[in-house]
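Q: have a look; sequence and predicted model below, questions after that.
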Amino acid sequence: MTNNQAVLSWLEEMKKLCNPDNVVWIDGSEEQKKQLEDESVAEGELIRLNQEKLPGCFLHRTAENDVARVENRTFICTSKKEDAGPTNNWEDPKVMYAKLNALYKDSMVGRTMYVIPYMMGPYGSPFSKIGIELTDSRYVVLNMMIMTRVGKKVMEELGDSPDFVHCLHAKKDIDEENRYIVQFPEDNTIMSVNSGYGGNVLLGKKCFALRIASYMGWKEGWMAEHMLILGLENPQGEVKYIAAAFPSACGKTNLAMLIPPESLKGYKVWTVGDDIAWLRIGPDGRLWAINPEAGFFGVAPGTSSKTNPNALKTTLKNTIFTNVALDTSDNTVWWEGLDKPTPAHAIDWKGNEWTPDMGTKAAHPNSRFTAPASQCPCISSEFEAAGGVPISAIVFGGRRAKTAPLVYESFDWQHGVFVGATMASETTAAAAGAVGVVRRDPMAMIPFCGYNMANYFAHWLEMGKKIPNPPKIFHVNWFRLDDEGHFMWPGFGDNLRVLNWIIDRCEGKADAKKTAIGYLPNASDINVDGLDIDKATLEDLLSVDKAVWKEDVANQKEFFSQFGDDLPDGIKEELAALEARLSE
Ligand code: OXD
Ligand code: MN
């Protein structure tokens, strides 16, 4: 498919290492996709679902020990340890290459090596970047065909350039003890071995589009962020774009596909992306964003026609489900939280017989759907726009019971960077471990930053100096609890009321009061037409408890201390300024 010498010589080297029986280039055609699906079904890798109800849909089950990303086995291997920083696992590249090469040696004997040329970002876009993933998994190929742009056209765009990310994946034995997800940012290389689970093996996603790309952005003057991108259309038909970062389990996909409440007529939300944004300064001096992905790799449990009808509709065709339950009555899928009657009998995510009385989960809590973004009913008309969309507001968020108010606006860019750097979420009962423990997750990038996070903060601060018309930066918290432990804000579609205030602030159309932590709306600044909420609750949601904030500042300091002298002055200044304002 190519005469590109850089590609061919790397491929030769990897073939020698892994020793596959065959090599198959993925051309991106429908015929080849169909053939791979048929082979996967024959081999038991995929189960073909009811083709009348779910055309083009399949179910896959991973090994029981291989159901999530493995942060403790994820490495950033830079020549100098300090370039990976205190929040990443690090190993000397020489040592790591030697260790990995031993694991890959002859790992594909009796198997086929698939060569997947793929593009992150739209064709013809100055934002876009190319990767080539070598894998011995058909499941990986079929998922990459949904999540990225794949095939001949990518090789045409690459031409004879050596500028591509080298990605090698081998399933090997799915051995947890020898599972490695390794990024070598200085070499544009990603190596993954002994896993078959999405985030560890679809190397275009977290490994490239966040870890490698964040490093590229640092070197090249742009940003790769763990952010959804949405377009908010008002009744006059004007669309403004928001990029938002949240730690996991805060409803990012739901926000990206929000359905406005009945009472807010004429508003509409358009989805550009649900997980990753690449941001560059545009010719007009604003910050522009693309979604480098072509699909959604969403969490299935909890997705329903109430929580996210658009996501559900997206998955009705051409979707690969991973680790959900198989409803044997009609060969369709089921998961906890789906508003379809619980099946009387199913096959659970482990492949065992399941009945509701067993008290176990039928679908794994991290079970997923891989679905083409183009099928989303609210996909933005700008989803494929080569230049991306102009960002009016950046929103950071977390799950905080008491600390953060419903929404606040930062004073300026530097303060906004500090707001992102102090992002945190409290653990819920749904996760293992203690409830209510604060986990700091700056910009939701802790697991995904491909370099020293102190340098990442500095890069954010630098970008602010270079963007002539920067977006305003906000913080939201949909999860504030009252004294009885009930959520005070309804969330879901009603979050639009908060997004509206955010956009109005960007346009200079809404009021706010100045507080110690930033600008907050007055209760009267949030449109609550048609919403059953009393004024006292709203005022509570928009209050700042200085004592609670002082505790948080102590926790922030402890978190920042790991960066030592590398912590940029801009962050130190903001920390001191916040402390001073809280003591006023
Ligand atoms: C994801 C994650 O899968 O952030 O998107 O973990
Ligand atoms: Mn994510």
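A: Thanks, I have the structure now. Ligands and ions are numbered 1, 2, ... in the order given.
Q: all strands of the stretch 151-300 of the chain, in order?
A: Secondary structure of the stretch 151-300 of the chain (DSSP state E, counting those that start in this stretch): strands located at 165-170, 180-184, 189-193, 223-225, 227-233, 239-245, 268-273, 277-281, 287-290, 295-299.
Q: out of these, flag the one nearest ligand 1.
A: Closest to ligand 1 of these, according to C-beta to the nearest ligand atom: strand 295-299, at 6.1 Å. For glycine as for every other residue, the C-beta is placed from the backbone atoms N, C-alpha and C.
Q: how far away from the center of its chain is the closest one?
A: Remark: strand 295-299 is offset 9 Å from the chain centroid, using C-alpha atoms, centre = their mean, to the nearest Å.
Q: residues in contact with it?
A: With contact meaning C-beta atoms under 8 Å, 6 or more residues apart in numbering, strand 295-299 is reached by 143, 146-148, 198-199, 202, 205, 253, 274-275, 311, 314-315, 366-373, 376.
Q: and it with strand 268-273, angle?
A: 100 degrees (axes from the mean of the first three to the mean of the last three C-alpha atoms, to 10 degrees).
Q: output strand 295-299 in PDB with nothing but the alpha carbons.
A: What follows is the C-alpha trace of strand 295-299 in PDB, where atoms were taken according to Å, rounded to 0.1, in the frame of the first residue of the first chain:
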ATOM      1  CA  GLY A 295     -16.200   7.500  17.400                       C
ATOM      2  CA  PHE A 296     -17.400   7.200  21.000                       C
ATOM      3  CA  PHE A 297     -16.000   4.600  23.400                       C
ATOM      4  CA  GLY A 298     -18.600   5.200  26.100                       C
ATOM      5  CA  VAL A 299     -19.500   3.500  29.300                       C
END
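Q: C-terminal to it, what's the next element?
A: Later in the chain than strand 295-299, the nearest helix or strand by DSSP states H and E is helix 309-314.
Q: and that next one, how far from the chain's centre?
A: For helix 309-314, the distance to the chain centre is 18 Å (C-alpha atoms, centre = their mean).
Q: swap in stretch 294-312?
A: 14 Å.
Q: what's the mean pLDDT across that stretch?
A: In this model, stretch 294-312 has an average pLDDT of 96.
Q: what do you get for stretch 404-419?
A: Rounded mean pLDDT across stretch 404-419 is 98.
Q: and it, how far apart are its ends?
A: 11 Å (C-alpha to C-alpha, to the nearest Å).
Q: which one of the strands of the stretch 151-300 of the chain lies nearest to residue 94?
A: Smallest distance to residue 94 across the strands of the stretch 151-300 of the chain (C-beta to C-beta): 10.7 Å, for strand 180-184.
Q: quick check: angle from the closest one to strand 189-193?
A: Using the same axes, to 10 degrees: strand 180-184 against strand 189-193 is 170 degrees.
Q: return the list of helices and strands in contact with strand 180-184.
A: On a contact count with 3 or more C-beta pairs under 8 Å, 6 or more residues apart in numbering; DSSP states H and E, strand 180-184 meets strand 74-76, helix 93-104, strand 189-193.
Q: and that strand, anywhere near ligand 1?
A: No: Strand 180-184 is not in contact with ligand 1 by C-beta under 6 Å from any ligand atom; minimum separation 12.7 Å.
Q: and the residue of the stretch 251-400 of the chain nearest ligand 1?
A: Proximity of the stretch 251-400 of the chain to ligand 1 (C-beta to the nearest ligand atom) peaks at residue 275, 4.9 Å away.
Q: what sits against that residue?
A: Residue 275 touches 205, 226-228, 252-253, 291, 293, 296-297, counting by C-beta under 8 Å, 6+ apart.
Q: would you turn those into CSV with distance to ligand 1?
A: Listed next are the contacts of residue 275 as CSV, based on distance: C-beta to the nearest ligand atom, whole Å:
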residue, distance to ligand 1
205, 8
226, 7
227, 11
228, 10
252, 8
253, 9
291, 13
293, 10
296, 9
297, 6
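Q: quickly check those residues for the two that are furthest apart.
A: Greatest spatial distance in those: 227 and 297, 15.3 Å, computed using C-beta to C-beta.
Q: who has more neighbours, these two?
A: Using other C-beta atoms under 10 Å as the criterion, residue 227 and residue 297 rank with residue 227 on top: 30 against 22.
Q: so who does the more buried one touch?
A: 243-245, 273, 275-277, 289, 394, 444.
Q: present those as CSV; the columns should include distance to residue 193.
A: As requested, those are exported to CSV (distance: C-beta to C-beta, whole Å):
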residue, distance to residue 193
243, 33
244, 34
245, 30
273, 29
275, 24
276, 24
277, 29
289, 33
394, 36
444, 27
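Q: residue 163 reaches residue 130, doesn't it?
A: Yes: if you go by C-beta atoms under 8 Å, residue 163 and residue 130 touch, sitting 7.2 Å apart.
Q: of the two, who's got more company?
A: For residue 163 versus residue 130, the count of surrounding residues by other C-beta under 10 Å is larger for residue 130: 22 against 10.
Q: wait, is that one part of a strand?
A: Yes: the assignment for residue 130 by DSSP: H, G, I helix; E, B strand; the rest coil puts it in a strand.
Q: stretch 124-144: end-to-end distance?
A: End-to-end span of stretch 124-144 (C-alpha to C-alpha): 19 Å.
Q: run through the bridge partners of the nearest residue to residue 243 once chain neighbours are set aside.
A: Closest residue in space to residue 243, ignoring its immediate chain neighbours: residue 227 at 4.4 Å, by C-beta to C-beta, 6 or more residues apart in numbering. When bridges are called by DSSP bridges, residue 227 pairs up with residue 245.
Q: OK, contacts around residue 555?
A: Residue 555 touches 424, 438, 440, counting by C-beta under 8 Å, 6+ apart.
Q: pLDDT wise, what is the spatially most central residue of the chain at?
A: Most central residue of the chain, judged by C-alpha distance to the mean C-alpha position with C-alpha atoms, centre = their mean, is residue 275 at 3.2 Å. Turning to residue 275, the model gives it a pLDDT of 97.
Q: ok, the one 4 residues further on next?
A: Residue 279 is assigned a predicted lDDT (pLDDT) of 98.
Q: residues of the stretch 151-300 of the chain that sit close to ligand 1?
A: Checking the stretch 151-300 of the chain against ligand 1 by C-beta under 6 Å from any ligand atom, the hits are 199, 248, 275.
Q: for the last one, give me phi and psi.
A: Which is residue 275. Dihedral pair for residue 275: phi -150, psi -40, per degrees, to the nearest 10.
Q: can you check the one 10 residues further on too?
A: When quoted as degrees, to the nearest 10, the phi and psi of residue 285 stand at phi 80, psi 0.
Q: neighbours of residue 61, how many?
A: 23.
Q: show me the contacts for it.
A: By C-beta under 8 Å, 6+ apart, the neighbours of residue 61 are 322-323, 349-351.
Q: try 10 Å this time
A: 44-47, 67, 196, 321-324, 326, 347-351, 364, 367 (C-beta atoms under 10 Å, 6 or more residues apart in numbering).
Q: residue of the stretch 101-250 of the chain nearest ligand 1, please.
A: In the stretch 101-250 of the chain, the residue that lies nearest ligand 1 is residue 248 (4.8 Å; C-beta to the nearest ligand atom).
Q: hang on, residue 347 packs against residue 362?
A: Yes: counting by C-beta atoms under 10 Å, residue 362 is a contact partner of residue 347 at 8.4 Å.
Q: neighbour count winner among those two?
A: residue 362 (27 against 19).
Q: surely that one is in a helix?
A: No: with three-state DSSP as the criterion, residue 362 is coil rather than part of a helix.
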